[in-house]
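need the 3D shape of this:
(2 chains)
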Protein chains: 2
Amino acid sequence: MTAVRGETRARLLDTALGLFTVHGVEGTSLQMIADALGVTKAAVYYHFRTKDEITEAVVEPALDELVAILDRAATMPRPGPRADYLIGEFVDLVVRNRVLVAVLCSDPGVNRAVDRILHGEQNVMTRLPAMLAGPDADEGTEVAAHVALAGVAMAGGSPALTGMDDETLRRHLVDAMRRQLGRPRRRDTP
Amino acid sequence: MTAVRGETRARLLDTALGLFTVHGVEGTSLQMIADALGVTKAAVYYHFRTKDEITEAVVEPALDELVAILDRAATMPRPGPRADYLIGEFVDLVVRNRVLVAVLCSDPGVNRAVDRILHGEQNVMTRLPAMLAGPDADEGTEVAAHVALAGVAMAGGSPALTGMDDETLRRHLVDAMRRQLGRPRRRDTP
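Down below sits the predicted model:
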């Protein structure tokens, strides 16, 4: 892919995500994406044949990152450092994808795209809390891991916190998640 | 309303909620609800004229309870006891409505019904974190309140925890929420 084509593709995906947040995946057409970009529908077809393909391309990079984080965490034998790593990386991923996460939490069209990409083979939503809680977790720790993950994802995408800048949100989410999971406060926290 | 009519109405709403969890609000028709109940569509029309009315009736009792909890909390002057009250009542409401909460977190049709009932007048989703965090909350506490509320709601409706009985789930969610908000552990926790 040339630089220009890659740039157009990235702009197309940003525009699609913006339209998804307003109209939902169902309510967004290829024509609307073309209009918002100021190009013809044929130009959109040059990159993607269907809206499903666009939705998958919008979701895929963040999902790939999440799987990579889990694979890396799986190689860490000690539960403490593994939890620290997962907390830091998960919060960072959520904050860098705030807009996407907000849509992900509310749009069944986006959730269907996630299911198509994962084909149920690699259930991220099961692996993540299990790895965060650790292999010998009691029920309370298991519930805490679910509360922490879902809470951070939802709060990260919440309209109520859109006014907070990324760095501040990241710091408070890490603190919240560490507190929830009984991890000591980080030394670099002011 | 007579007892028999009330009972039929309750059974109809339970059936509708069950169908919503499988097919979503969009994918559920009045005919499907009638078929699942083993009655005619006319019998359904006797209680509700549209699917919108049914969806609102499914959501309304829990929403009314939530507003009542917030109104009661608003009369409590001390932040500590108010937070304790909100945590206990919110978790209890989520656990008693696990199936509904699961649909609420993922179905835009149900969310639209919530918006119609509230008409944006009384924004529960804004009042709740604000009241939980308290009037002079710093940013960190504000984020923690969002994480705790969203986390408890999502974990309460999570398919991963459906195997856990209500009482166990309630206890662990209260513990998780108290820890998140820096409240001391309850004395009755084993």
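
residues making contact with the helix or strand hosting A:Met177?
Using DSSP states H and E, A:Met177 maps to helix A:166-180. Identification of contacts with helix A:166-180 by CB atoms under 8 Å, 6 or more residues apart in numbering or on different chains yields A:87-88, A:90-92, A:94-96, A:98, A:144, A:147-148, A:151-152, A:155-156, A:161, A:164, A:184-186, A:189, B:139-140, B:143-144, B:147-148, B:151, B:176, B:179-180, B:182. The way it works is simple: take the backbone N, C-alpha and C, and place the C-beta from them, glycine included.

how's chain A carved up into domains?
What automatic domain parsing lists as the domains of chain A is A:1-49, A:51-190.

next, count neighbours for whichever residue of chain A sits closest to chain B.
Residue of chain A nearest chain B, by CB to the nearest CB: A:Gly151 (2.5 Å). Around A:Gly151 there are 30 other residues, counting by other CB atoms under 10 Å in any protein chain shown.

give the helix, strand or coil label for A:Gly163.
Using DSSP: H, G, I helix; E, B strand; the rest coil, the structure places A:Gly163 in coil.

distance of it relative to B:Asp115?
According to CB to CB, to the nearest Å, A:Gly163 stands 22 Å off from B:Asp115.

quick one, which of the two is more surrounded?
Using other CB under 10 Å, the more surrounded residue of A:Gly163 and B:Asp115 is B:Asp115, with 10 against 7.

ok, the worst-scoring helix or strand of chain A on mean pLDDT near chain B or not?
Every helix and strand in chain A was compared by mean pLDDT, DSSP states H and E; the lowest is helix A:108-118, with a mean of 80. Yes: residues of helix A:108-118 are located near chain B by CB under 8 Å from any CB of the partner chain, namely A:108, A:111.

hmm, back to that, wait, which of the domains of chain A is closest to B:Val124?
Closest of the domains of chain A to B:Val124 is domain A:51-190, at 12.1 Å (criterion: CB to CB).

ok, and the closest non-adjacent residue to A:Leu128?
In space, and not counting its chain neighbours, A:Leu128 is closest to A:Leu149: 6.0 Å by CB to CB, 6 or more residues apart in numbering or on different chains.

that neighbour: helix or strand, and which one exactly?
helix A:139-156.

which parts of chain A sit against chain B?
So chain A meets chain B at A:24, A:105-108, A:111, A:125-126, A:129, A:139-140, A:142-144, A:146-155, A:158, A:160-161, A:164, A:168-169, A:172-173, A:175-177, A:179-180, A:182 (CB under 8 Å from any CB).

and if we set it to 6 Å?
Chain A has residues A:140, A:143-144, A:146-147, A:150-152, A:154-155, A:158, A:172, A:176, A:180 near chain B, with proximity defined as CB under 6 Å from any CB of the partner chain.

now the two most distant members of those.
A:Gly140 and A:Ser158 (25.7 Å).

between these two, point out the one with more neighbours.
Using other CB under 10 Å as the criterion, A:Gly140 and A:Ser158 rank with A:Ser158 on top: 22 against 17.

got the phi and psi for the more buried one?
A:Ser158 adopts backbone torsions of phi -70, psi 130, taken as degrees, to the nearest 10.

now do A:Val4, the pLDDT please.
Listed pLDDT for A:Val4 reads 61.

helices or strands next to the longest helix anywhere in chain A in the packing?
In chain A, taking DSSP state H as the definition, the longest helix is helix A:51-74. For helix A:51-74, the elements it packs on are helix A:3-23, helix A:79-96, helix A:108-118, helix A:124-133, judged by 3 or more CB pairs under 6 Å, 6 or more residues apart in numbering or on different chains; DSSP states H and E.

hey, least reliable of the ones you listed by pLDDT?
Of all the helices and strands packed on helix A:51-74, helix A:108-118 has the smallest average pLDDT, which comes to a mean of 80.

tell me the buried residues in stretch A:133-151?
For stretch A:133-151, the neighbour count (16 or more other CB atoms under 10 Å in any protein chain shown) marks A:133-134, A:137, A:140-151 as buried.

that concludes my questions; thank you for your assistance.
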